[in-house]
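Undergrad: whatever this is, show me its structure:
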Amino acid sequence: QVQLVESGGGLVQAGDSLRLSCAPSGRTDSIYRMAWFRQASGKEREFVGQVSRSYPTTLYADSVNSRFTISRTTDTLYLQMNSLKPEDTAVYSCAASNRATGYYDYWGRGTQVTVSS
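TA: From the prediction side, this is the model:
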């Protein structure tokens with residue numbers, strides 16, 4: 001089992017930057033991919049980006065490409081968000097998988113990001 005805990009959310013203004021963190025615990029050696037997803041109020045969950053052991057090592061949604069950067073250390077997954085827009089407002093969750101493709105097995109509870117105009 002893997003547990004994921006996100007942190008770093010908050011209220012910012014349009015154009016600001018914010019960095020989210022996700023700390024995995026448990027059987028972290030089994031993790032092959034980690035990703036960020038987001039869900040705005042009243043909308044479906046949306047893939048933001050992922051980091052993987054296999055090619056391509058990073059992958060981003062078109063809506064955040066060139067503004068968001070995912071990175072991973074041994075202990076933590078990060079999401080650096082720059083040039084934030086009001087439409088980036090959502091609950092951001094990290095996820096982990098033991099496989100190279102397919103669905104994600106483990107999910108955090110999420111952290112709220114609110115971007116005011």
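Undergrad: least trustworthy helix or strand in the chain by mean pLDDT?
TA: Ranking every helix and strand in the chain by mean pLDDT, DSSP states H and E puts strand 58-60 at the bottom, with a mean of 86.
Undergrad: can you tell me the closest non-neighbouring residue to the most centrally placed residue in the chain?
TA: For the chain, the residue nearest the mean C-alpha position is Trp36 (2.2 Å; C-alpha atoms, centre = their mean). Distance criterion C-beta to C-beta, 6 or more residues apart in numbering; nearest residue to Trp36, sequence neighbours excluded, is Val48 at 4.1 Å. Placement of C-beta: from N, CA and C, glycine included.
Undergrad: the one you found: neighbour count?
TA: Here the number of neighbours of Val48 (other C-beta atoms under 10 Å) works out to 24.
Undergrad: try Gln3
TA: For Gln3, which is what you asked about, the neighbour count (other C-beta under 10 Å) is 14.
Undergrad: ramachandran coordinates for it?
TA: Backbone geometry at Gln3, expressed as degrees, to the nearest 10, gives phi -110, psi 140.
Undergrad: residue contacts, it?
TA: 24-26, 106 (C-beta atoms under 8 Å, 6 or more residues apart in numbering).
Undergrad: just the buried residues from the residues you listed, in PyMOL please.
TA: Buried subset of the contacts of Gln3, written as a PyMOL selection, criterion 16 or more other C-beta atoms under 10 Å:
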select buried, resi 24+106
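Undergrad: could you list the low-confidence segments of this structure?
TA: 55-56 (pLDDT under 70).
Undergrad: and the spatially closest residue to Gly9 that is not a sequence neighbour, how far is that from Arg33?
TA: Leaving aside its chain neighbours, Gly9 sits nearest to Thr111 (3.4 Å; criterion: C-beta to C-beta, 6+ apart). Distance of Thr111 to Arg33, given as C-beta to C-beta, to the nearest Å: 20 Å.
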